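Participant: Sequence and predicted structure below; questions after.
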Amino acid sequence: MVHNRSMLGDSTSVAVITVSDRSSRGERADLSGPRAVELLNEQGYSATLTVIPDGIDSVTGAIRAAIESGARVVITSGGTGIAPRDLTPEGTRPLLTRELPGIAEALRRDGARNTETAVLSRGLAGISDSTLVANLPGSVKAVEEGLAVLLPLIPHIVDQLDGGDH
């Protein structure tokens with residue numbers, strides 16, 4: 001899958017943040033974050049990975065740090081479900097100046113085509129300063145499906161955030 005990145009420079013930075021208590025403690029290998037980085041790098045983005053524990057403060061802090069380091073796109077993986085420690089949306093929402101509900105809806109709709117429980121994802125998408133932030137569920141399959149939705153949109157979103165014309 002190739003997407004038109006002609007309007008973006010080669011230095012477009014994408015921060016991938018895996019949100020998982022077990023992965024952050026080294027009890028379980030993080031597979032979704034490395035897969036996201038691989039897919040983004042294949043498309044010419046400069047993607048990096050951070051693994052953090054679940055929790056509102058850890059999510060807010062990691063997203064804020066990614067934005068402050070210059071990321072134009074932040075993708076989180078994990079913590080979007082209904083388990084007690086799934087608090088990624090709660091950590092994301094305070095940073096969003098504008099939500100993009102259509103993207104979150106598209107992510108759930110596309111995910112539900114293959115996985116019935118995708119409709120339980122509470123993931124958000126929106127803008128924080130001049131950065132696109134999107135929450136994906138924590139499985140490799142969900143990351144692959146989610147990036148299939150997001151990758152065609154990223155160039156246009158970043159261009160619009162930079163003042164591009166419609």
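Facilitator: Structure received.
Participant: and Thr131, bridged to which residues?
Facilitator: For Thr131, the beta-bridge partners are Ser128 (DSSP bridges).
Participant: Can you get me a residue count around it?
Facilitator: By other CB atoms under 10 Å, 25 other residues sit near Thr131. The way it works is simple: take the backbone N, C-alpha and C, and place the C-beta from them, glycine included.
Participant: Pull stretch 46-63 out as PDB, backbone CA atoms only.
Facilitator: Backbone C-alpha positions of stretch 46-63 (Å, rounded to 0.1, in the frame of the first residue of the first chain) are rendered in PDB as follows:
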ATOM      1  CA  SER A  46      10.400   8.700  10.800                       C
ATOM      2  CA  ALA A  47       8.800   6.600  13.500                       C
ATOM      3  CA  THR A  48       9.900   6.000  17.000                       C
ATOM      4  CA  LEU A  49       8.500   3.800  19.800                       C
ATOM      5  CA  THR A  50       8.000   4.300  23.500                       C
ATOM      6  CA  VAL A  51       6.400   1.700  25.800                       C
ATOM      7  CA  ILE A  52       4.600   3.000  28.900                       C
ATOM      8  CA  PRO A  53       2.400   1.500  31.600                       C
ATOM      9  CA  ASP A  54      -1.400   2.000  31.500                       C
ATOM     10  CA  GLY A  55      -2.800   5.000  33.300                       C
ATOM     11  CA  ILE A  56      -4.100   8.500  32.600                       C
ATOM     12  CA  ASP A  57      -0.900  10.300  33.800                       C
ATOM     13  CA  SER A  58       1.500   8.100  31.900                       C
ATOM     14  CA  VAL A  59      -0.500   8.500  28.600                       C
ATOM     15  CA  THR A  60      -0.900  12.200  29.000                       C
ATOM     16  CA  GLY A  61       2.800  12.600  29.800                       C
ATOM     17  CA  ALA A  62       4.000  10.400  26.900                       C
ATOM     18  CA  ILE A  63       1.800  12.200  24.300                       C
END
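Participant: Touching it from outside, list them.
Facilitator: Identification of contacts with stretch 46-63 by CB atoms under 8 Å, 6 or more residues apart in numbering yields 10-21, 23-25, 30, 33-34, 36-37, 40-41, 66, 74, 76, 78-79, 85-88, 90-92, 94-95, 128, 133.
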